[in-house]
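Give me coordinates for this.
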Amino acid sequence: MSNLADLTIVILSYQRHSFLIRSMEYWSGQQPTVIILDGTETPVSDEILRKLAPNIIYNWNNIIYEDRLRSVIPMIKTKYVVQLSDDEFFLPKGLEDCIKELEKNNDLVVCVGRCLYCWPRKGRITVMPYYPSWFDILSDSPEDRMVAKADSLNCMSIYGVARSKNWLNCIKLLTEKAFSCVYITETQFEYFMSFQGKSKVINSLQWFRSGENHPKSFKTWDRSYEFDEWYTRKKNEVEIKDFLKLFVKHCISFDSTLSTQEAEKMLKKTLDKFMERAYGAKNTKYKIKNYFRTLAENIGGKFPGSIKYPLKEILGFTKNHFEYSQIPEKLTKLGYSYDIKDLGRVEESYKNFYK
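Numbers count the residues shown, from 1 in each chain. Predicted coordinates for the structure are as follows:
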């Protein structure tokens, strides 16, 4: 029996109505409650919204990301919650399996399944395994969990199915203040979720990550520099103090036995580990490789697909890519479970979208 009636899916959208409508139609009439937080300059038309089932709750408000996300706090009524991008797909079977894992283990605050990166183009849907290095973080110590999260250099929890109370705790933290670096929100979410409890990765296909759009960047959502750069810039000293103070405050609010000094020490150890790993990853080889990758993306973006994609194949950039029809075979080899009906629904949605 499906447990998805216990789940709320939160979708934030900005200036991508065609993709948002695709997502709403995909979830319309399904078991999860789906709350849309649309910050686009104009709302989706009433004509389209009237065709959707009651499980789709559409909220339009042209305000900043943090304010939209804060507005969802009183709307969450289910036991579990997960956040989804407007141009991506979650699979019901993967979400069900995550909930089953959370039901079995009360120590877990979040569970996430496996991911495929997917980019449709004319007459073809190509995929590849994504985030294969994700791993469980199951230490009993909040400090050890946070340090392990920093050491992993990944954002995993923010894509997982979480217990609502823990997810809402994270949202209250990251919406209390808007910072100049957009990556602070996911940093706050990942570390505070790890502080609250354990996380698990299961070998069930949960998510198609979209390769259709570049990440959104706008005036209050600048993606030009990452958290480690923000954290080391002298001009951000006041912001950094606010960031540290807020995180410590919410840790103590969650665990009243924790002193300010203990929370500060825990956070410092976590951030030291993150900075060590971030700078270690950005060695000379990385910088050279990243320079040429960025150059190739800028140049390649100007080429039509008929030139760009064959060129990528010649250069060996597609060695892990495979066709959508090969997903069952590839997932079986990887040991990932899946539902063939879920794969069919996603494929149908892509084909209808691109005609």
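
Buried residues, stretch 155-166. List them.
For stretch 155-166, a neighbour-count test (16 or more other CB atoms under 10 Å) marks 156-164, 166 as buried. C-beta coordinates here come from the backbone N, C-alpha and C atoms, glycine included.

Kindly report the same for stretch 92-107.
92-99, 101-102.

re the thing from before, got the buried residues of stretch 155-166 as JSON lines, with secondary structure and distance to Val248 columns?
Shown next, in JSON lines, are those (DSSP: H, G, I helix; E, B strand; the rest coil; distance: CB to CB, whole Å):
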{"residue": "Met156", "secondary structure": "coil", "distance to Val248": "23"}
{"residue": "Ser157", "secondary structure": "helix", "distance to Val248": "20"}
{"residue": "Ile158", "secondary structure": "helix", "distance to Val248": "21"}
{"residue": "Tyr159", "secondary structure": "helix", "distance to Val248": "26"}
{"residue": "Gly160", "secondary structure": "coil", "distance to Val248": "24"}
{"residue": "Val161", "secondary structure": "strand", "distance to Val248": "27"}
{"residue": "Ala162", "secondary structure": "strand", "distance to Val248": "22"}
{"residue": "Arg163", "secondary structure": "strand", "distance to Val248": "23"}
{"residue": "Ser164", "secondary structure": "helix", "distance to Val248": "24"}
{"residue": "Asn166", "secondary structure": "helix", "distance to Val248": "18"}
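
Lowest-confidence member of these, which is it?
Taking these together, the minimum pLDDT is found at Met156 (92).

That one reaches Trp134, doesn't it?
Yes. Using CB atoms under 8 Å, Met156 is in contact with Trp134, at 5.2 Å.

give me the element Pro132 is part of.
Pro132 is part of no helix or strand, with elements assigned from DSSP states H and E.

Can you report phi and psi for it?
Here is the backbone geometry of Pro132 (degrees, to the nearest 10): phi -70, psi -20.

With the one 10 residues further on instead?
Taking degrees, to the nearest 10, you get phi -60, psi -40 for the backbone angles of Pro142.

Let me know the distance separating it from Val72.
26 Å (CB to CB, to the nearest Å).

Equivalent analysis for Pro54, please.
18 Å.

which helix in the protein runs the most residues?
helix 260-281 (DSSP state H).

Which residues does that helix contact?
Here helix 260-281 makes contact (CB atoms under 8 Å, 6 or more residues apart in numbering) with 142-143, 146-147, 149-151, 153, 191, 195, 226-228, 231-232, 244, 247-248, 251-252.

Would you show me how to pick out the buried ones of these in PyMOL?
Those of the contacts of helix 260-281 that count as buried under 16+ other CB under 10 Å are selected in PyMOL with:
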select buried, resi 142+143+146+147+149+150+191+195+227+228+231+247+248+251
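
quick one, strands of the stretch 201-350 of the chain?
322-323 (DSSP state E, counting those that start in this stretch).
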